[in-house]
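S.K.: Here is a sequence with its predicted model. Questions after.
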Amino acid sequence: MIGFHFQRPVNDWTRTLTRLPAGTWIKAVDNVQMLDEAKRIHPGLKTVLRHWYDPGQVFGTTDQAILRQRARDFFRTFVDGTFEQYAHNVDAIEEWNEYNATSHTGQELAERIAWADAVSWVWKNEYRTVPKLAHVRLVLGNVAVGNDLPWEYARFAAERDAILGYHPYIPWRNKEPMVNEWQYYSGRWSYMDAAFRSRGYRCQWLFTEFGPVGYEPPAVLLPGDGWRHPAVCDTDVDNYLASMRYWLEMVDTWNAQHGGRALGAVLFSSHNAGGVWKHFDTRQPEIDAITAFMEAWGPGLPPDPPLPPPPPSGPREYQRTVHLLPQDISLNDAERVMGFAYSKRQSVTWSADDAVINPDTAQAILTARNVIVWGTPPGGNKAAFEAWVNQYYPPMPNITYRAL
């Protein structure tokens, strides 16, 4: 489902709300009253609030005591008496915005993971314990297009009933999408999801900014060029709708296979003003056209998958294959191995301990332990690695060595 992202009210923005399919998301920036109004007009809508806090998005520590206090300070700037008055019509709130990047160093990533841990902990344990706020979920990450969320975000979301956020802008030029863009841009979240599922985390996704965005070949995104730009859709509403159709067809296919966990997207942005985002402005009459398009699109998200059958009475048997990657593997080589493992739904790790550990459990019988070692084995050679395995994790698993 595709809904609207309001930076401020635009003319006649409520006129067609009742025609939007149930489950469509409406987002407002620092205007909880808009969300209340939308929900009162159409109770089937979903609502999400973002509080603009960019100057306060400060990192530099992994200390949980400090970060939890920063999270409290952040929430106190907008979760106030006014918010609580309208909270019954708010389904979700966002935390900080677009602060993860694939270019970050290990320390920078650690600081951001620690922040996500703190902010999700505070919301779950100090705010959702308040009856008026218990239903309001947190959207974690809100990561910019072309960047990844660390896997720890999926753990926090799964453990604390949060939603993962991504901005799946579609690189669009001269009224056409970039060829093969899905994996790296508007569908990158689905590849993150596959990696998260390999660790046992199944999360929901909300796309808190979305739409076509300009680019220079081969792949330089132009963040100020939205659908109104002459080199993108050139204000052609039909082409704007075509970009949505292109993306929705792939998302619907993914949802049918994954229990409808992609909840929806909101079009950046409706603000009825000029400035840096003037080429993204979505107002009337295009709001009516988009509403009609979504009304005709279909029944919405598929139903939840059936519950799994109960476990058998005896121990469960299973086989395990783990791909062990060297610490210095390149991103291209890692993606290649992950693609191979994904096709077989096998595990990938950088940890030798995780790869060869022999679990002792009364709930399952491990009938095979297979390890595929890529590149240089830990310890520098096969003999040293196998001696280490024999010492700490006997009996020896089935080990295969492959060159990168």
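M.R.: All right, it came through fine. Numbering: from 1, shown residues only.
S.K.: List the contacts of Trp96.
M.R.: For Trp96, the contacting residues are Tyr53, Gln57, Phe74, Trp115, Val119, Asn142, by Cβ atoms under 8 Å, 6 or more residues apart in numbering. Glycine gets a C-beta too; all of them are placed from N, C-alpha and C.
S.K.: my guess is it is in a helix, correct?
M.R.: No. According to DSSP: H, G, I helix; E, B strand; the rest coil, the state of Trp96 is coil, so it is not within a helix.
S.K.: Per-residue pLDDT of it, please?
M.R.: pLDDT recorded at Trp96 is 98.
S.K.: and if you look at the one 3 residues further on?
M.R.: Among the per-residue scores, Tyr99 shows a pLDDT of 97.
S.K.: how close does it sit to Trp115?
M.R.: 8 Å (Cβ to Cβ, to the nearest Å).
S.K.: what is in contact with those two at once?
M.R.: Residues touching both Tyr99 and Trp115 (Cβ under 8 Å, 6+ apart) are Phe59.
S.K.: circling back to that earlier point, drop anything exposed from the contacts of Trp96.
M.R.: Applying a neighbour-count criterion of 16 or more other Cβ atoms under 10 Å, the buried members of the contacts of Trp96 are Tyr53, Phe74, Trp115, Val119, Asn142.
S.K.: all strands of the stretch 201-350 of the chain, in order?
M.R.: Assignment of strands within the stretch 201-350 of the chain using DSSP state E, counting those that start in this stretch yields the ranges 205-210, 212-216, 220-222, 262-270, 316-324, 347-349.
S.K.: other SSEs contacting the lengthiest helix in the chain?
M.R.: Within the chain, and with DSSP state H defining each element, the longest helix by residue count is helix 237-257. Counting by 3 or more Cβ pairs under 8 Å, 6 or more residues apart in numbering; DSSP states H and E, the packing neighbours recorded for helix 237-257 are strand 170-173, strand 262-270, helix 286-297.
S.K.: mind listing what's buried in it?
M.R.: 237, 239-244, 246-248, 251-252, 254-255.
S.K.: These into a markdown table, with extra columns for pLDDT and distance to Gly375?
M.R.: A markdown table is the format used below for those (pLDDT from 0 to 100; distance: Cβ to Cβ, whole Å):
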| residue | pLDDT | distance to Gly375 |
| --- | --- | --- |
| Val237 | 97 | 51 |
| Asn239 | 98 | 46 |
| Tyr240 | 98 | 46 |
| Leu241 | 97 | 47 |
| Ala242 | 97 | 44 |
| Ser243 | 97 | 41 |
| Met244 | 97 | 43 |
| Tyr246 | 96 | 38 |
| Trp247 | 97 | 37 |
| Leu248 | 96 | 40 |
| Val251 | 96 | 36 |
| Asp252 | 94 | 39 |
| Trp254 | 94 | 32 |
| Asn255 | 94 | 36 |
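S.K.: Out of the residues you listed, which comes closest to Thr282?
M.R.: When those are compared for distance to Thr282 (Cβ to Cβ), Tyr240 comes out closest, at 8.1 Å.
S.K.: which residues does that closest one contact?
M.R.: The contact partners of Tyr240, by Cβ under 8 Å, 6+ apart, come to Pro212, Trp227, Cys233, Glu286, Ile290.
S.K.: circling back: in helices only, show me the buried ones among the contacts of Trp96.
M.R.: Phe74, Trp115, Val119.
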